[in-house]
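Sequence and predicted structure are below.
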Amino acid sequence: MPISLSPSRRQFLQSTLASAALAAASPTLLAQSQPASAKKIGYALVGLGQLNIHQILPAFAHTQNSRPTALVSGHPEKARALARQYNIPESSIYTYETYDKLKDNAEVDAVYIALPNSMHAEYTIRAAAAGKHVFCEKPMANTPEDCRKMIDACKKADRKLMIGYRMRYEPHTTTAIDLIKSGSLGKVKLIQSVHSFNIAPTPPQWRLDKKRSGGGPLVDIGIYCLNACRYLTGEEPTEITAQNFQPTAPDSDPRFKDVEESTVFTLKFPSGILATCSTSYAHMYEGRATVYCEKGTVDLNPAFPYQGVRLKSRTREGIKNYEEIPDVDQFAKELEHFSQCLLENKTPRTPGEEGLKDVRLIQSIYQAASSSKTVHVE
């Protein structure tokens with residue numbers, strides 16, 4: 001994503017001896033044995049890129065039940081500097097080679113994985129084998145097969161798996177979902193969504209390397225449009241059409257020698273709802289989702305930024321701007337939700353099965369684009 005926020009410093013409260021002893025216990029035992037104010041799930045952050053540095057680590061300051069307790073990185077100096085900033089002991093810094101030793105760290109209950117997409121499956125499976133719960137960024141993996149392996153590994157280890165669909169925890173978005181579900185605007189008929197930005201070629205972008213990313217803008221930011229159509233309708237698409245554009249000589253762009261520049265796709269849902277979505281790495285930032293209903297429209301514009309999501313609805317009576325809805329730290333809301341699920345032994349709102357559905361649909365979109373035919377989704 002092109003939008004980033006400056007990191008804020010935070011001093012974390014030291015755990016008591018009792019809470020340290022309980023950290024190795026199950027989340028249910030932890031929830032039963034400590035007062036609400038003391039409940040803290042410890043996270044190991046895997047991969048110290050921009051997301052973890054500028055979004056996730058600062059987000060812990062806005063949670064009541066979560067704390068960073070370990071770092072996993074291939075850059076020791078960066079890891080040590082961040083560990084000092086967030087009061088993480090140097091003994092809790094791991095490399096990718098020593099990652100499996102997390103099993104011996106009782107202060108780590110879960111891992112947060114923010115690595116290139118091709119690495120999600122390996123580090124989820126290894127975390128589950130180490131006895132840790134997993135919060136993994138989207139897209140869940142490059143293939144449905146890897147998604148299934150991740151789900152199976154966590155089930156086998158009796159660990160929870162959540163995928164980072166932050167918009168599902170954002171209040172303007174959840175209000176839009178509730179408004180549509182209420183039926184006050186009538187049935188949904190059409191959806192239009194776009195999510196694009198102009199990607200820089202430097203520094204070297206793993207997102208432009210198909211082996212690491214799994215694809216171009218569709219898997220990176222187009223997934224927001226896809227997931228939005230699913231959560232705004234409450235339905236799963238049954239038919240898909242799509243087109244990709246990848247520039248060739250004499251108008252070739254070195255950024256897109258391996259992945260598509262742009263994708264446009266349409267979804268048809270069982271009730272007859274039609275959705276048109278577009279995503280690109282080649283123009284200025286745009287991110288919105290508009291739902292056209294029988295009696296009005298619901299407009300999220302912007303729909304997908306880290307801050308500043310805006311919602312309005314329009315009917316014959318006029319336009320309503322939902323200005324009373326506050327901005328929140330979306331990453332903090334995700335962390336709090338997953339931690340609470342661990343403390344109360346509940347299934348996350350966006351489990352691995354949700355990530356698997358999107359990855360399957362992304363594969364169908366690419367299939368539709370390459371074949372120029374409608375793909376029927378089972």
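Nice, I can see it.

where exactly do the helices run in this protein?
Taking DSSP state H as the test, the helices found in the chain are 17-22, 27-33, 50-51, 57-59, 76-85, 120-129, 144-156, 171-182, 210-213, 217, 223-233, 330-344, 352-371.

so which of those helices comes closest to Glu261?
Comparison of the helices of the chain against Glu261 by Cβ to Cβ identifies helix 217 as nearest, at 7.6 Å. The way it works is simple: take the backbone N, C-alpha and C, and place the C-beta from them, glycine included.

Now the residue nearest in space to the middle of the chain: closest residue in space that isn't a chain neighbour?
The structure's the chain has its C-alpha centroid closest to Gly164; by Cα atoms, centre = their mean the separation is 2.8 Å. For Gly164, ignoring the flanking residues on the chain, the nearest one in space by Cβ to Cβ, 6 or more residues apart in numbering is Glu137 at 4.5 Å.

so where's this protein uncertain?
1-38 (pLDDT under 70).

Quick check: Leu342 vs Leu161, distance?
Separation of Leu342 from Leu161 (Cβ to Cβ, to the nearest Å): 11 Å.

what sits in contact with each of those two?
Here Leu342 and Leu161 have His133 as joint contacts, going by Cβ atoms under 8 Å, 6 or more residues apart in numbering.

Settle it for me: which of these two has more neighbours?
The residue with more neighbours, out of Leu342 and Leu161, is Leu161; 29 against 26, by other Cβ atoms under 10 Å.

Verify the stated contact: that one with Val134.
Yes: the pair Leu161 and Val134 passes the contact test of Cβ atoms under 8 Å, sitting 4.9 Å apart.

can you list residues touching both of those two?
Residues touching both Leu161 and Val134 (Cβ under 8 Å, 6+ apart): Thr124, Ala128, Met150, Cys154.

For those residues, which entry has the maximal number of neighbours?
Compared across the shared contacts of Leu161 and Val134, Thr124 has the highest neighbour count, 30 neighbours, by other Cβ under 10 Å.

separation between the nearest residue to that one once chain neighbours are set aside and Val219?
Spatial nearest neighbour of Thr124, chain neighbours left out: Met150 (4.4 Å); criterion: Cβ to Cβ, 6+ apart. In this view, Met150 and Val219 are 16 Å apart by Cβ to Cβ.

And for Lys149?
Separation of Lys149 from Val219 (Cβ to Cβ): 18 Å.

what's the answer for Gly186, then?
Taking Cβ to Cβ as the measure, Gly186 falls 34 Å from Val219.

Comparing these two, which residue is more hemmed in?
Applying other Cβ under 10 Å to Gly186 and Val219 shows that Val219 carries more neighbours, namely 27 against 12.

is it true that that one touches Ser213?
Yes: Val219 is within contact range of Ser213, at 6.2 Å (criterion: Cβ under 8 Å).

any common contacting residues for the two?
By Cβ under 8 Å, 6+ apart, Val219 and Ser213 have these common neighbours: Asn117, Asn142.

my guess is Val309 meets Pro302, correct?
Yes: assessed by Cβ under 8 Å, Val309 is found in contact with Pro302 at 6.2 Å.

which one of those two has more residues nearby?
More crowded of Val309 and Pro302, by other Cβ under 10 Å: Val309, with 23 against 17.

Not counting residues beside it along the chain, what's closest to that one?
Leaving aside its sequence neighbours, Val309 sits nearest to His172 (Cβ to Cβ, 6+ apart; 4.4 Å).

Burial check on Ser252, number of neighbours?
Here the count is done by other Cβ under 10 Å, and Ser252 has 11 residues near it.

how much space is there between it and Asp258?
From Ser252 across to Asp258, the span is 12 Å (Cβ to Cβ).
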